[in-house]
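Undergrad: what's the 3D shape of this:
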Amino acid sequence: MKDEIYASALQHVVGLGNASLGNLFTYYESAKEAWHHVLHHNVEPSLGCKYELFDEIRRPINESFLLQLEEDLKRYHMEVITWESPCYPKSLLEIYNSPRVLYGRGNIEVLQHMDRSLAMVGARKCSTYGVQVARHFGRALSNLGIIVVSGGAMGIDRASHEGALQGQAPTIAVMGCGLNVTYPRTNRNLFLEILEKDGLLLSEYGPHMQAKSHHFPSRNRIISGMTRGTIVVEAKASSGSLITADMAINEGRDVFTIPGNVLTHTCDGNHWLIQQGATVLTDPEQVLCEYGWQKVAKYSNMNSEKVNTVNEEERCVLEAMNPGGNTTIGELVHSTQLPLSNLHTLLLQLELKQMITHTPQGYVLHT
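TA: Coordinates of the predicted model:
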């Protein structure tokens, strides 16, 4: 079993936060060794680790949990990324409390190119102007060969990703939940498109972890920490985007802000940042001068060859589908006898492999 699986299992233990994991991984020679000391309650006392062998939903942490975790990671195509992983973003290692364990789904090779990346953040409840600006800048930056990173939320995040998907560089969505959890549900197709276009879904949270309010400030430190700078598209005076901007400043990153309509209060946060000395951004190409970057004629496809092999359960679903039309979820439950939760996961995986399409009437098999 890979050492990354043990690192992921330790991350699930109640009471072992990011700092405690850092202590364990530094003291012991491997995550596997740390796991066995935690499992048998004989952790070195000087490490100050207090924990219970449960996860957040009170499942017992034991050898069975370890095997189930390994199976889940394979099932949901999630890769565990630790400090020692070659694709762990070097820029993220520079920040305070950098995550010891990350999860990636999609093109993890994009993480090796974060020297040419920018974050785009803003309000969930935003104006039409904000959406238009985010899409415009997202598309333009992507066409300049710049990786756009945002949080996969509604509003400015979503518009930034949508714009980037129209360009040539991949985009990264940093999530506040496990990568097999769709949050918000309305962005389901957005996440699928990010994966289909060689982008990446990234998270600090393992399989099945639901989105919680305290996850998002932690997620924001990853967004600002892994990128060269943060663009605040639209933010009110009390916006959480200002917290992300503050994180960026504290970590020595650049903050850009796009001015907005002074007759409304939707961009008061942007204008406050301007007063504090943030760089005013009115043209996407300004960032080329800022960093001395060159335009790129074509963004190279960094993703490895896509694998469209199917496992036994996926094949069962495909064989149960009507080759000549739509197949409803009810029909699939009846014919496959699979639990509904498993079936939804399998259908998502088959969509990602572009073998089926979800329509309002059901699922259509590609021929």
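
Undergrad: what about E4, is that helix, strand or coil?
TA: helix (DSSP: H, G, I helix; E, B strand; the rest coil).

Undergrad: What distance do you get for it to K50?
TA: 24 Å (CB to CB, to the nearest Å). To be clear about C-beta, it is placed using only N, CA and C from the backbone, and glycine gets the same treatment.

Undergrad: Now do the same for A297: its pLDDT.
TA: Listed pLDDT for A297 reads 61.

Undergrad: one step back: which one of E4 and K50 has more residues nearby?
TA: E4 (20 against 10; other CB atoms under 10 Å).

Undergrad: any idea which helix or strand carries the residue lying closest to the more buried one once chain neighbours are set aside?
TA: Nearest residue to E4, sequence neighbours excluded (CB to CB, 6 or more residues apart in numbering): V80, at 3.7 Å. Assigned by DSSP states H and E, V80 belongs to strand 79-82.

Undergrad: Give me the pLDDT value at the residue nearest to E4.
TA: Listed pLDDT for V80 reads 97.

Undergrad: give me the number of residues near it?
TA: Neighbour tally, V80, other CB under 10 Å: 23.

Undergrad: Ok, Q166 next?
TA: With other CB under 10 Å as criterion, Q166 counts 14.

Undergrad: Would you mind measuring from the spatially closest residue to R100 that is not a sequence neighbour to V174?
TA: If the residues on either side of it in the chain are set aside, R100 comes closest to L21, at 4.3 Å by CB to CB, 6+ apart. Between L21 and V174 the distance is 19 Å, computed by CB to CB.

Undergrad: Compare the two and say which is more crowded by neighbours.
TA: A direct count of neighbours by other CB under 10 Å for L21 and V174 places V174 higher, at 26 against 22.

Undergrad: quick one: secondary structure of the more buried one?
TA: Classified using three-state DSSP, V174 is strand.

Undergrad: all strands of the chain, in order?
TA: 79-82, 101-106, 117-122, 147-150, 171-175, 200-203, 229-234, 254-257, 279-280, 326-327, 356-359, 362-365 (DSSP state E).

Undergrad: Distance from the longest helix anywhere in the chain to the middle of the chain?
TA: Secondary structure assigned by DSSP state H gives helix 128-143 as the longest helix of the chain. Centroid separation for helix 128-143 versus its chain: 20 Å, with CA atoms, centre = their mean, to the nearest Å.

Undergrad: May I have it as PDB, with CA atoms only?
TA: Presented in PDB, the C-alpha positions along helix 128-143 are these (Å, rounded to 0.1, in the frame of the first residue of the first chain):
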ATOM      1  CA  THR A 128     -24.400  41.100 -14.000                       C
ATOM      2  CA  TYR A 129     -21.300  43.400 -14.400                       C
ATOM      3  CA  GLY A 130     -19.300  41.200 -12.100                       C
ATOM      4  CA  VAL A 131     -20.200  38.000 -14.100                       C
ATOM      5  CA  GLN A 132     -19.300  39.700 -17.400                       C
ATOM      6  CA  VAL A 133     -16.000  40.900 -16.100                       C
ATOM      7  CA  ALA A 134     -15.100  37.600 -14.500                       C
ATOM      8  CA  ARG A 135     -15.900  35.700 -17.800                       C
ATOM      9  CA  HIS A 136     -14.000  38.300 -19.800                       C
ATOM     10  CA  PHE A 137     -10.800  38.200 -17.700                       C
ATOM     11  CA  GLY A 138     -11.000  34.400 -17.200                       C
ATOM     12  CA  ARG A 139     -11.200  33.800 -21.000                       C
ATOM     13  CA  ALA A 140      -8.500  36.400 -21.800                       C
ATOM     14  CA  LEU A 141      -6.100  35.200 -19.100                       C
ATOM     15  CA  SER A 142      -6.600  31.600 -20.200                       C
ATOM     16  CA  ASN A 143      -5.800  32.600 -23.800                       C
END
